[in-house]
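Trainee: Sequence and computational prediction follow.
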Amino acid sequence: MAEPLYIRIKAEDNVAIAVHAIAAGTEIMDGVVTREDIPQGHKIALEAIPEGGAIIRYGVTLGYALRDIEKGGWINEHMLRLPTPPDVDHMQYGIHIRKDLPTPPVTTWEGYRNAEGYAGTRNFLGIITTVQCVEGVLNVAVDRIRRELLPKYPHVDDVVPINHAYGCGVAINAPEAKVPIRALTNICKHPNFGGELMIVGLGCEKLQPNMITDQVDPEHVLMLQDHKGFEASVQAIMDMAETKLRRLNERRRETLPLSDLIIGMQCGGSDAFSGVTANPSAGYASDMLVNGGATVLFSEVTEVRDGVHLLAERCVSKEVCDKLATEMKWYDHYLEQGEVDRSANPTPGNKKGGLSNIIEKAMGSIAKSGTAPIVEVLSPAERPSRKGLIFAATPASDIVCGPSQLASGITLQVFMTGRGTPYNLAAAPVVKVCSRTDMKEQWPDLIDISAGPIATGHATIEEIGTELFNFIIDVASGRKQTFAEHHRIYNYLCFFNPAPIT
Ligand code: CA
């Protein structure tokens, strides 16, 4: 079977994307001959598009042509004018509530049950910090805990310091300070930390421990300024850690229903294939998880903004739809204050990968949410109160979305990429799914699953989606590790702080 040269998504699309780079003068379909060389993933006009004419992919208008485009011509990011975003005030909700979601191949997994809330995918000692000042001392202590204590507690997977830039030198009473404070409050209760609270602070910082927990006592909270010098501080951290490790070491995995599992979806370094291979496969896996009772979060406000009316149609109630609109408006305003809009989102890599603008990126990004009904919308770093598919409003920045979803309680993240990123979270494994076969060949030991075969007709979305579902269950159950987890690649936690720094 000859491999396809192009991918056209909907019959009404007047553009297709090139599966591989195509030379000028190639007849890609009856009567369509490329006018110039087309880079991989870039768009080819399937008909003549006059200046001002709509450029249509995914059945939606990506933009309007800034000049006449010939049939067979290359369409890049310099050739489109962005339409205005959809109005969020009068969105229709509840008109696309799908009931016949795909059946998951299994309905249980092996996790660490918690006294309340979701179960853990890993058994970690999490150490929360209230201020950046303590990081250096804490990191020395964490190294020693790993070397000297962890070998004695073989049922504990690792020690995870929650280091971050928040906590002091910030306008702690500003209205939006509630976002980072909520993130740190909720991460104290992360399911992978097994209910063992351990906070290390300095003493004089603005973010006092009682602002993130009501368990302020010497069993859970340690302030460096209360200890005599460096050695005593490190020893105090190790002593507290050991009492926690002893209890965590008693935990064992149990067979649990999927309703005890909560995961997140994110994409980054996207290209034009993300929306036709990796993200729809993730959406298919998400539909199976949700059908089995699991909770799946998807996020990234600027990447859903142009398709928000499509999400509203999947919201189960007016209340959910209204919260979706509120979160979109909040973000529109947040961007306006910086004198930008959602068009500031796409990166040079996105554009090189064929994504001309934020609408094209958004239509691909939304695909990772699958087709399930949306049962709840969360503000940044809120914890869910319902099970099922949830939109968790966060920035799209990989490094900010990750910690925000972590604060909402995800115990595993699925990350789709076109251009490639080694990003990972220490507190929850991150499964990497790439959009192109070339990407997997470039990074064979960083990409867990390749959705590339879908582009060349060698696999279906259902097949890769099922492979991904099974891998998620294996990683969640501790039977497999992700590549990033195996290599111990961890990124700094950047919690979203929309409030001023002083
Ligand atoms: Ca992202």
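Mentor: Nice, thanks for sending it over.

Trainee: for the ion, what are the nearby residues on the protein?
Mentor: 268, 396, 398 (Cβ under 5 Å from the ion). Heads up, the C-betas are built off the backbone N, CA and C, glycines and all.

Trainee: give me that answer again for 8 Å
Mentor: 266-268, 299-300, 303, 396-398, 401 (Cβ under 8 Å from the ion).

Trainee: Quick check: Gly418 vs the ion, distance?
Mentor: Distance, Gly418 to the ion, using Cβ to the ion, to the nearest Å: 12 Å.

Trainee: ok, now Ile501?
Mentor: 23 Å.

Trainee: Next, the contact list for that residue, please.
Mentor: 169-171 (Cβ atoms under 8 Å, 6 or more residues apart in numbering).

Trainee: nearest residue to the closest residue to the ion within the stretch 201-350 of the chain other than its sequence neighbours?
Mentor: Closest contact between the stretch 201-350 of the chain and the ion, by Cβ to the ion, is at Gly268 (3.9 Å). Leaving aside its chain neighbours, Gly268 sits nearest to Asp398 (3.9 Å; criterion: Cβ to Cβ, 6 or more residues apart in numbering).

Trainee: Report how many residues lie close to that neighbour.
Mentor: 19 (other Cβ atoms under 10 Å).

Trainee: contacting residues for Gly370?
Mentor: Neighbouring residues of Gly370 by Cβ under 8 Å, 6+ apart: 101, 282-287, 290, 296, 389.

Trainee: related to what we said a few turns ago, pull out the buried members of the residues of the chain next to the ion.
Mentor: Those of the residues of the chain next to the ion that meet the buried threshold are 266-268, 299-300, 303, 396-398, 401, by 16 or more other Cβ atoms under 10 Å.

Trainee: Among those, which are located in strands?
Mentor: 266-267 (DSSP state E).

Trainee: Looking at the buried ones among the residues of the chain next to the ion, which is nearest Glu219?
Mentor: Nearest to Glu219 among those: Cys401, at 33.3 Å, using Cβ to Cβ.

Trainee: Identify the residue nearest the closest one in space, chain neighbours excluded?
Mentor: Thr394 (4.5 Å).

Trainee: Pull the number of nearby residues for that neighbour.
Mentor: 29.

Trainee: pLDDT value on it, please?
Mentor: The model reports Thr394 with a pLDDT of 97.

Trainee: On the three-state scheme, it is what?
Mentor: Here Thr394 is coil, with the state taken from DSSP: H, G, I helix; E, B strand; the rest coil.

Trainee: My guess is it contacts Ser404. True?
Mentor: Yes. If you go by Cβ atoms under 8 Å, Thr394 and Ser404 touch, sitting 4.0 Å apart.

Trainee: and for those two, which residues touch both?
Mentor: 299, 380-381, 496.

Trainee: which one of those is nearest Val15?
Mentor: Ser299 (27.8 Å).

Trainee: Could you find the closest non-adjacent residue to that closest one?
Mentor: Thr394 (4.1 Å).

Trainee: distance of the one you found from Ala428?
Mentor: For Thr394, the distance to Ala428 (Cβ to Cβ, to the nearest Å) stands at 15 Å.

Trainee: check contacts around Thr61.
Mentor: 54-55, 83, 359.

Trainee: Which members of the residues you listed are the farthest-apart pair?
Mentor: Farthest pair in the contacts of Thr61, by Cβ to Cβ: Ala54 and Ile359, 11.3 Å.

Trainee: Overlap in contacts, the two.
Mentor: With Cβ under 8 Å, 6+ apart, Ala54 and Ile359 have common neighbours 61, 63.

Trainee: of the two, who's got more company?
Mentor: Ile359 (26 against 14).

Trainee: any idea of the pLDDT on that one?
Mentor: 93.

Trainee: wait, isn't it in contact with Pro83?
Mentor: Yes. If you go by Cβ under 8 Å, Ile359 and Pro83 touch, sitting 7.2 Å apart.

Trainee: Would you state the helices of the chain in chain order?
Mentor: Taking DSSP state H, the helices of the chain run over residues 135-144, 178-187, 229-248, 278-291, 308-312, 318-337, 348-352, 358-366, 398-407, 437-442, 461-476, 483-487.

Trainee: thinking again about what came up before, what sits against the residue nearest to Gly268?
Mentor: 266, 268-269, 415, 421, 423.

Trainee: and what of Asn279?
Mentor: Contacts of Asn279 (Cβ under 8 Å, 6+ apart): 267, 364-368, 416, 435.

Trainee: Just flag the most distant two among those residues.
Mentor: Ile366 and Ser435 (14.9 Å).

Trainee: So between those two, which is more surrounded?
Mentor: Ser435 (34 against 22).

Trainee: What distance do you get for that one to Tyr331?
Mentor: 26 Å.

Trainee: residue contacts, Asn139?
Mentor: Neighbours of Asn139 in contact, by Cβ under 8 Å, 6+ apart: 161, 163.

Trainee: what's the domain layout of this structure?
Mentor: 6-81, 112-248, 270-487 (automatic domain parsing).

Trainee: Tell me which of these approaches Asp89 most closely.
Mentor: domain 270-487 (6.7 Å).

Trainee: Output the helices of the chain as JSON lines; include the columns distance to Cys204.
Mentor: Listed next are these as JSON lines, based on distance: least, Cβ to Cβ, whole Å:
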{"stretch": "helix 135-144", "distance to Cys204": "15"}
{"stretch": "helix 178-187", "distance to Cys204": "17"}
{"stretch": "helix 229-248", "distance to Cys204": "15"}
{"stretch": "helix 278-291", "distance to Cys204": "45"}
{"stretch": "helix 308-312", "distance to Cys204": "43"}
{"stretch": "helix 318-337", "distance to Cys204": "30"}
{"stretch": "helix 348-352", "distance to Cys204": "42"}
{"stretch": "helix 358-366", "distance to Cys204": "42"}
{"stretch": "helix 398-407", "distance to Cys204": "25"}
{"stretch": "helix 437-442", "distance to Cys204": "47"}
{"stretch": "helix 461-476", "distance to Cys204": "41"}
{"stretch": "helix 483-487", "distance to Cys204": "36"}
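
Trainee: quick one: which of the ones you listed is nearest Glu77?
Mentor: helix 348-352 (4.7 Å).

Trainee: Listing request: residues of the stretch 101-250 of the chain with sub-threshold pLDDT.
Mentor: In the prediction, the stretch 101-250 of the chain carries no residues with pLDDT under 70.
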